[in-house]
Each structure stands twice: as C-alpha cells, then as structure tokens.
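**Student:** have a look at this prediction, sequence included:
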Amino acid sequence: MSRTIVARISAGALFLAGCWVAYTQTQGKQPPPLTLTKVKEDLYQIVGDGGNVGVYVTSEGVILIDDKYEQDHDGIMAQVKSVTSQPVKYIISTHYHADHSGGNAKFLPTAEIISTANARTAIVEHRQSNAPPGMAAARIVFTQETAVFLGGKEVRARYFGRGHTNGDAIIYFPALKTIHTGDLMAGNTPLIDYPGGGSAVEWTKTLDEAMKLDFDTVIPGHGPVTDKAGLRKYRANVEKLRNRATGLIHEGKSQEEVGKVMTAEFGWAPTGLQMQWSLPGMMTELK
Ligand SMILES: [Zn+2]
C-alpha cells in the first residue's frame, strides 16, 4: 500500500469515525474543546467537535448555522460570547445528522430553528441509525428557499436537490460572498446517506446549482474553509467516485469488491459509515 493511499484511508476513516466516536466516547466525559476562527467580517466558524458551526453576528442577535452535538451546547455558547454579547436568535440547519442538529433540543427554548422540511421529517422519523436519543426537529421549515433578516443583515438558505441526504440546505451570506455547504462538502470523500434520501447521481447536479451563486469562500460541513475552486475539486471527486463505482457495477463486481476499491482509491474506511449507508444504495442506484 502506498503512503498516499494509507494517508487517504486514514483521513477518510478519521472523518467518518469522528462523527460516531466523538459521540460515543464522550458520553459522561468532557466534550472536546472548541475553537472559534474569523471567516469574514462578523462571520466566524466554530470547530473541534461535530460539524463546522457558522456564527453570524448582527446588532439584533446571532444567527448560527448548525449546532453540533448536544454535548457541545455550552462550548458553542462560550465561543459565541467571546465575540458578542448578543443572544442566539436563529439556527439554520444544513441537515438532520446529530453532529449538525444534535444541539437543537438545548437551543429550542430560546432560539428559532429553521431547516428543510425533509430534514425535519428525517429527525422526527429517526432516520439516522446511530443518532443519540432526544433529537429535536426545527419548528420552522422550507422546501426551496428561505431567508432570515436580522440587524440589517441577510442569510439565505436554499435547497438545490439531493446529495448527502434529501434535505441538505446550502446557506448563503450574500454580503460576504460566502456559503456554508453542510455535508455536501465534508472531509475528503462523500458520505452518501441513502437511508436519509441521499444520491450519488444527484449530488453533482446539486453542487452545480449551488456553484451558480456568487461566492468566493466556502465553509464545508467538516474540514478547513476553502474557496470556489476547492468546492469544484470536491465535486469532481464525487463524479470520479461515482463513475468508478458505476463502471465496476456494470462489470458485474460484487458489493464487497466495489467496497474494496472505494477503500483503496477513495479512502473509505473498511467498516465505516460509508460501507453501511452509501455502498448498498450505490449498488442499486448506479446499476
Ligand atoms: Zn451529515
């Protein structure tokens, strides 16, 4: 095995294991420390556990993008308080997974949470096989587009189609030319959540629509802040992976054989979430 492949596998495994391990290993323990970094004027991100949280500060309150796991609530609030005394008024969810929407229950008494209708349904119907108990869904939903106006600032949320799930919102900060992709861009390699309505075929079309927005900065669901070229590269890798898998399936390769190639060439952890959530669905969708 070459070093690059080992590195790729480690990176993929780290991201996938991270989602689950972060939850299971920290129950009853201290959650990992969070850090806040500035992305643009009045826009920050909080990293360290779960998905990347966007923090948009306005003179009338704070708008968060996602709220990590429930265990991260106090850590998120401490980071927000380090840059503003304004209260958190709105949380716009990118999708239903517990590492992005797990904090909903703790924020709902004091903030409005907004998600796609499909993300709400997925939480209500417990679609995530490894989600912790007590997940709370948004009270306000949209199907195509919505926006929040607060303190003279605007944040838009758009649904462009299926990809990671069937309810991924792209969050757009028009004044800052910045988007938060949720897990439509996350780590190095896509996790297609077929039980949650995801699609390898639609994923690239969804990103093509998002790419039409006027932006230069991208906050991904997981991983470092990047730019439009970084998102374009990620999209190309989704297409490459899909084409490779389609070719193998058309050659009559078994699910196990396709899985081995995904591990060797795209960094899928041999027993990770992609093997559970993505591979069986791909065998059907790409045949
Ligand atoms: Zn996710």
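**Tutor:** Perfect, thanks for sending it. Numbers count the residues shown, from 1 in each chain.
**Student:** wait, residue 65 sits on residue 179?
**Tutor:** No: the pair residue 65 / residue 179 is not scored as a contact, 10.0 Å apart, by C-beta atoms under 8 Å. In this view, the C-beta of every residue, glycine as well, is placed from N, C-alpha and C.
**Student:** what does this protein have sitting close to the ion?
**Tutor:** Contact residues (C-beta under 5 Å from the ion) of the chain with the ion: 97, 183.
**Student:** coming back round to it: quickly list what's touching both of residue 65 and residue 179.
**Tutor:** 171, 219 (C-beta atoms under 8 Å, 6 or more residues apart in numbering).
**Student:** which ones are touching the one residue sitting closest to the centre of the chain?
**Tutor:** What sits nearest the mean C-alpha location of the chain, by C-alpha atoms, centre = their mean, is residue 183, with 2.6 Å. Contact partners of residue 183, counting by C-beta under 8 Å, 6+ apart, are 51, 94, 95, 97, 100, 164, 165, 168, 191, 221, 222.
**Student:** and the second one, what pLDDT?
**Tutor:** In this case it means residue 94. Predicted confidence (pLDDT) for residue 94: 98.
**Student:** number of nearby residues for the residue lying closest to it once chain neighbours are set aside?
**Tutor:** Distances taken as C-beta to C-beta, 6 or more residues apart in numbering place residue 182 nearest to residue 94, at 2.6 Å, with adjacent residues excluded. Neighbour count for residue 182, taken as other C-beta atoms under 10 Å: 30.
**Student:** contact partners for the residue lying closest to residue 101 once chain neighbours are set aside?
**Tutor:** In space, and not counting its chain neighbours, residue 101 is closest to residue 93: 5.1 Å by C-beta to C-beta, 6+ apart. Residue 93 is in contact with 65-67, 100-101, 104, 113-116, 119, 138, 169, counting by C-beta under 8 Å, 6+ apart.
**Student:** what of residue 51?
**Tutor:** 66, 68, 94, 97, 99, 100, 182, 183, 186, 221, 222.
**Student:** how about it, phi and psi?
**Tutor:** Backbone torsions for residue 51, taken as degrees, to the nearest 10, come to phi -80, psi 160.
**Student:** any idea how far it lies from residue 230?
**Tutor:** Between residue 51 and residue 230 the distance is 17 Å, computed by C-beta to C-beta, to the nearest Å.
**Student:** re the thing from before, so how far is residue 274 from the residue nearest to the centre of the chain?
**Tutor:** Residue 183 is 12 Å from residue 274, by C-beta to C-beta.
**Student:** what's the first helix or strand after the helix or strand of the chain with the lowest mean pLDDT?
**Tutor:** Sorting the helices and strands of the chain by mean pLDDT, DSSP states H and E puts helix 3-24 at the bottom, at a mean of 47. Sequence order places strand 35-40 as the next helix or strand after helix 3-24, per DSSP states H and E.
**Student:** next helix or strand past that following strand?
**Tutor:** Next element after strand 35-40 (DSSP H and E): strand 43-47.
**Student:** what angle sits between the helix or strand that comes right after that following strand and strand 43-47?
**Tutor:** Sequence-wise, the next helix or strand downstream of strand 43-47 (DSSP H and E) is strand 53-58. Going by axes from the mean of the first three to the mean of the last three C-alpha atoms, to 10 degrees, strand 53-58 is angled at 150 degrees with respect to strand 43-47.
**Student:** in the stretch 151-287 of the chain, which residue sits closest to the ion?
**Tutor:** Closest to the ion within the stretch 151-287 of the chain is residue 183: 3.6 Å, counting by C-beta to the ion.
**Student:** how close does that residue sit to residue 233?
**Tutor:** 16 Å.
**Student:** what does residue 191 give?
**Tutor:** From residue 191 to residue 233 the distance is 17 Å (C-beta to C-beta).
**Student:** who has more neighbours out of those two?
**Tutor:** Comparing residue 191 with residue 233 by other C-beta under 10 Å, the one with more neighbours is residue 191, at 25 against 12.
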